[in-house]
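Participant: just to be clear, the model below is a prediction. Sequence and coordinates:
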Amino acid sequence: MKEKIKSTVSHLKRSGVDYADLRLVRKTTESIAVKNNNVESLSRDENYGFGIRVLYSGAWGFASSSIVTPAEMKRVADEAIEIAKASATTLKKPVLLAECDPYVDTYTSEYEIDPFSVPLEEKIELLLKVNSILLKDKRAKVAKSSMDFYNTQKFFASTEGALLEQEILESGAGMEVTAIENGEVQKRSYPSSHGGDFATRGYEFVKAMDLVRSAERVREEAVALLKARTLPSAEATIIITGAQMALQVHESCGHPTELDRVLGTEISLAGGSFLTLDKLDNLQYGSKVVDITADASLEGGLGSFAYDDEGVKAQRSYLVKEGRFVGYLTSRETAAVLNQRSNGTMRADGWNRLPLIRMTNINLEPGEPSLEELIADTKSGYLLDTNKSWSIDDQRLNFQFGVEIAWEIKNGKLREIFKNPVYTGMTPEFWNSCDAVCNRRDWHLWGIPNCGKGEPQQVMHVAHGTSPARFHNVKIGVSR
Amino acid sequence: MIGKDRIFSTLEAILKKSPAEQTEAVLIGTTSALTRYANSTIHQNVAETNSKVYFRTLVENRVGVASTNSFVPGDLKRTLLNSYYIAENQRENPDLPELPSKASYPKLQTYLKSTASFTPRQRADKVRRIFKKAAKYDLDVAGSFSTSQSEIAVVNSRGVRAYQSLTGASINVIALSPDSSGYAEGLSRRVRDLDFEAIADTAIKKCLDSKSPQEIKPGRYDVILEPCAVGSIMEWLNYIAFGARQLHEGTSFVSGKIGKKVLGENITIYDDGNDGGGIAFPFDFEGVPKKRVYLIQKGIAKGVVHNSLTAIHDEVESTGHALTPEYPEDPMALNLFVKGGNSSLRGMISSVERGLLITRFHYINGYLDTTKALMTGMTRDGTFLIKEGKVKHGVKNLRFTDSIVRAFSNVVTLSRERQVINSWWQDIGSLVCPAMLVKNFNFSGKTEF
């Protein structure tokens, strides 16, 4: 295969491209979903193909195919050039790429147990056991437990001489239960909602979740919510748990720091960003306790890798330092606009998609107090846990999140639970109201396998290292 | 494109080798291209040739699903055996239905050669004209223009042989000034039917008319939702309410209310894959012919859509709404129609004393409380104040948070004219929506632009 790829790259060079790269990707997926003690779905998918990206006369073209033969590679290479020529007819100024060292390397993500080698029976057994515990109350009507595993083998070659092989293994699992009584519907999930938690790890990651031990608590909380009061509308102090904080970082920091959005190239779908170029190093994005980093070099995160899909080495950089906005997520093309080198965030969700700037592991760095200390230090407020709904405007300013459950905090102690909690705010105002981030003991790298962006739409695996954090004067309960 | 004869002969040969009691193969093949532009230049321009084959095997009330994107016979056979291995290791489900039996399908013209052969140069020519038009007003444009040809086939061991080739073309245009934007879109199987001039003109006019937007207070307003705004609400309503799964799980606003009035009498919503007024497609991913299903008729909840599995549960026939085999309990309406009324958009505007005209919404989320269809979302790309029957000026964007059950019970008028709205299931369906005048729609927040 290496020879086919090298031959295609040589063909591209001879065709006079400014730059080209070829990615060959094989992805194997296994998904198991159990619902109400039945295995609802059990499937395996294999996906294989290649994509060729060319810069010709200063303009981009991309073509891809699932037919992996030398003749098809040549056809697709020529198609990509033809597409680039069409792009060039509207060109205002030629695309320039920031410098990048052409690495030759191989990488395999670390894991202990290959989930694809674990017998199906064992995985199904665990999910059924979780289901049966979730359903041990007649008000618990719908129980779901699931696992998903991904193995991705990528081969990358460029006309600059890069030659990279990477194999990345990802695992995830989760559960949710819906309790229903008298028309009231309430849901609890674990470890997080929307499929659970995911990591670039093996089956040991699923085992460590201890789904069985958590199932009873999850069910009891869902049932208890049926009789809970609705969170009142107010301005309040809130502590947001790590799982919800991951979504908060994702929507209000991760996306707006993507430099392609800032430069307007994502307007047609997801929108732009309020973090315009004039705000770099000038905006107090958050309070002094807010440090946010992008770190693809962290082990085990769903945004971890050795090289991005432009062949740029994984790295760690600050986006927000002591509350000040100091950096973007960049690509070779966008970094050149700032006279910088790329910080390595370009990824495609498959061989058939163009790499875009995507979040890696975007982390709220840990602070000082423990969660217990933070709750004890809060006279009046609410603890909010687990995402239920999310919405943010197309410049990433006005957001509204719903969560599954809230606990009232009174004089440093957790009290009554509340249902249907919603909170809303404006991004910089919100982050500037943060006065405490919990410490590393409460910090966890949450995997999110469903970040959408681009046209045709791409679904990316990203992660957020977060611990609970406290915010003041936040509008809550604004559901209608 | 692989072609009908080769697909049938290859898949039937593979199916004959299946050790399972019943076997199904579903093929989705596509050759697609998309030109994306921003800052009035093409910045992404892509093409894809791909095909995916799913095998579903049934062994003693157990089911296995495996898929591959290779059409090489050896890979297909390996994938078939993989699905058999999964079925063997599955748990028994006594409610599992047989695969659907042989059916006939209406002949629909869904493939247009002129769309299939559209080139990157032709796409560039079309968008370049839009750039020129916008430049006359000192505006930038962003958007995407895609053309595709696809083929979908379902073959099973009980005699189903379904094949349809199809094309699709869609464009969206956002015109941008420093403080305003305007949106318009078009969708058709025939690229020549897209009126690029009119779509660009609409986006440009909305952008110009909403310059220097004024801030208004959140609160309750009478609103005119243009078809794109209605479409994005309908997309979420479909996701949380109109499938058998949502009905059974008790999370839909129609759960326990079939036969009862749930929305205003002027609201009728149905799904019809054979209605050429939308993007028609005649069968589902089990090879079951699509039926017209009334979801809401004159405000009364009439039913939901089914696939074979959910139909067994309710002791009804499948309505032909199965998705691909990895979603066995998620039948979905993909060809939605909201019945129009007797008004015109102009007539609606002239009837509003004080209210808002909304082009479209951004980032709607419908998970807040699905039993009430409580949703939130932002306005985007053209929001206007209407005063004394006239559009006065643009306003800064607002966040709505409201129950759509309540809102769709407060619809005063609907437009006669309907628009075909694009959705994520582009090429096999669409949303056909009128404009709506809704009383007392709730806005809970605002933003800075």
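Facilitator: Nice, thanks for sending it over.

Participant: is chain B contacted by the helix or strand containing A:Q244?
Facilitator: Taking DSSP states H and E as the criterion, A:Q244 maps to helix A:242-249. No: counting by Cβ under 8 Å from any Cβ of the partner chain, chain B is not contacted by helix A:242-249; separation bottoms out at 11.5 Å. For glycine as for every other residue, the C-beta is placed from the backbone atoms N, C-alpha and C.

Participant: give me the contacts around that helix.
Facilitator: Helix A:242-249 is touched from outside by A:191-193, A:240, A:292, A:362-364, A:384-387, A:390, A:399, A:401, A:403, A:438, A:442-444, A:446, A:448, A:463-464, A:466-469, with contacts defined as Cβ atoms under 8 Å, 6 or more residues apart in numbering or on different chains.

Participant: quick one: B:G340 is in a strand?
Facilitator: No: assessed with DSSP: H, G, I helix; E, B strand; the rest coil, B:G340 is coil; it does not lie in a strand.

Participant: pLDDT score for it?
Facilitator: The model reports B:G340 with a pLDDT of 98.

Participant: and it, how many neighbours?
Facilitator: Counted with other Cβ atoms under 10 Å in any protein chain shown, residues neighbouring B:G340 total 19.

Participant: same check on A:N473?
Facilitator: 12.

Participant: kindly report the same for the one 4 residues further on.
Facilitator: Here the count is done by other Cβ under 10 Å, and A:G477 has 20 residues near it.

Participant: I'd like to know how far it sits from chain B.
Facilitator: 11 Å (Cβ to the nearest Cβ, to the nearest Å).

Participant: swap in A:W351?
Facilitator: Remark: distance between A:W351 and chain B (Cβ to the nearest Cβ) = 9 Å.

Participant: same question for A:L269.
Facilitator: Distance from A:L269 to chain B, by Cβ to the nearest Cβ: 8 Å.

Participant: just the ones in strands from the contacts of helix A:242-249, please.
Facilitator: Among those, the members falling in strands (DSSP state E) are A:240, A:292, A:362-364, A:384-387, A:390, A:399, A:401, A:403, A:444, A:446, A:448, A:463-464, A:466, A:469.

Participant: those residues also near chain B: which ones?
Facilitator: A:W390.

Participant: and the longest helix along chain A, what does it pack against?
Facilitator: Counting by DSSP state H, the longest helix found in chain A is helix A:70-88. Using 3 or more Cβ pairs under 8 Å, 6 or more residues apart in numbering or on different chains; DSSP states H and E, the elements in contact with helix A:70-88 are helix A:2-14, strand A:19-35, strand A:38-56, strand A:59-65, strand B:22-38, strand B:41-59, helix B:120-135.

Participant: picking up where we left off before, CA atoms only: put the helix holding A:Q244 into CSV for me.
Facilitator: Extracted C-alpha coordinates of helix A:242-249, given in CSV (Å, rounded to 0.1, in the frame of the first residue of the first chain):
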residue,chain,number,x,y,z
GLY,A,242,-17.5,18.4,35.6
ALA,A,243,-19.7,16.6,33.1
GLN,A,244,-21.8,19.7,32.4
MET,A,245,-18.7,21.9,32.5
ALA,A,246,-17.3,19.9,29.6
LEU,A,247,-20.3,21.0,27.4
GLN,A,248,-19.9,24.6,28.7
VAL,A,249,-16.2,24.7,27.7
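
Participant: distance from it to the middle of the chain?
Facilitator: In terms of Cα atoms, centre = their mean, to the nearest Å, the centre of helix A:242-249 is found 11 Å from the chain centre.

Participant: give me the mean pLDDT for that helix.
Facilitator: Here helix A:242-249 scores 98 as its mean pLDDT.

Participant: got the contact list for the next helix-or-strand element following it?
Facilitator: Proceeding N to C from helix A:242-249, the next assigned helix or strand is helix A:259-262, under DSSP H and E. Counting by Cβ under 8 Å, 6+ apart, helix A:259-262 makes contact with A:255-256, A:266, A:270-273, A:275-277, A:328-331, A:334-335, A:337-338, A:356-357, all of which sit outside it.

Participant: among those residues, name the ones in strands.
Facilitator: Among the contacts of helix A:259-262, the residues falling in strands (DSSP E) are A:356-357.

Participant: pull out the buried members of the contacts of helix A:259-262.
Facilitator: Among those, those classed as buried by 16 or more other Cβ atoms under 10 Å in any protein chain shown are A:255-256, A:266, A:270-273, A:275, A:328-331, A:334-335, A:337, A:356-357.
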